[in-house]
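Enquirer: Got a predicted structure here, sequence first:
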Amino acid sequence: LNMSGDLMSLHIGDRILEINGTPVKDQPVENIENLIKYSDSVLQ
């Protein structure tokens, strides 16, 4: 899938549903922060 940089960036009002395949719905903010902070790869 070839996307331009504009399509791959976050914008106000966007909703993050998953971080690297892990659903974040109803997760505490601390868990979501840890998923981002301790990710060994580029976030997808």
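Expert: Received, thanks. Predicted, not measured: the structure shown is a model, and the values here were computed from it.
Enquirer: show me the contacts for the residue nearest the centre of the chain.
Expert: In the chain, the centroid-proximal residue (Cα atoms, centre = their mean) is Ile19; its distance is 4.0 Å. Contacts for Ile19 (Cβ atoms under 8 Å, 6 or more residues apart in numbering) come out as 32, 35-36, 39, 43. Using the backbone N, CA and C atoms, a C-beta is placed for each residue, glycine as well.
Enquirer: measure stretch 15-27 end to end?
Expert: Stretch 15-27 has an end-to-end distance of 13 Å (Cα to Cα, to the nearest Å).
Enquirer: where does the chain have low pLDDT?
Expert: Within the chain, the segments meeting pLDDT under 70 span 1-8, 42-44.
Enquirer: Let me see the ranges of the strands in it.
Expert: Here the chain has its strands, by DSSP state E, at 18-19, 22-23.
Enquirer: if we can go back for a sec, kindly state the beta-bridge partners for the residue nearest to the centre of the chain.
Expert: Beta bridges link Ile19 to Thr22, judged by DSSP bridges.
Enquirer: Can you tell me how far it is from Gln27?
Expert: Separation of Ile19 from Gln27 (Cβ to Cβ, to the nearest Å) stands at 9 Å.
Enquirer: Please name whichever of the strands of the chain is nearest to His11.
Expert: strand 18-19 (17.1 Å; Cβ to Cβ).
Enquirer: How far away from the center of its chain is that closest one?
Expert: Centroid displacement of strand 18-19 relative to its chain, using Cα atoms, centre = their mean, to the nearest Å, is 4 Å.
Enquirer: Let the chain start at 23 from now.
Expert: OK, 23 is where the count begins now, so the last one is strand 40-41.
Enquirer: what's the neighbour count on Pro50?
Expert: Counted with other Cβ atoms under 10 Å, residues neighbouring Pro50 total 9.
Enquirer: Give me the distance between it and Asp36.
Expert: Distance, Pro50 to Asp36, using Cβ to Cβ: 20 Å.
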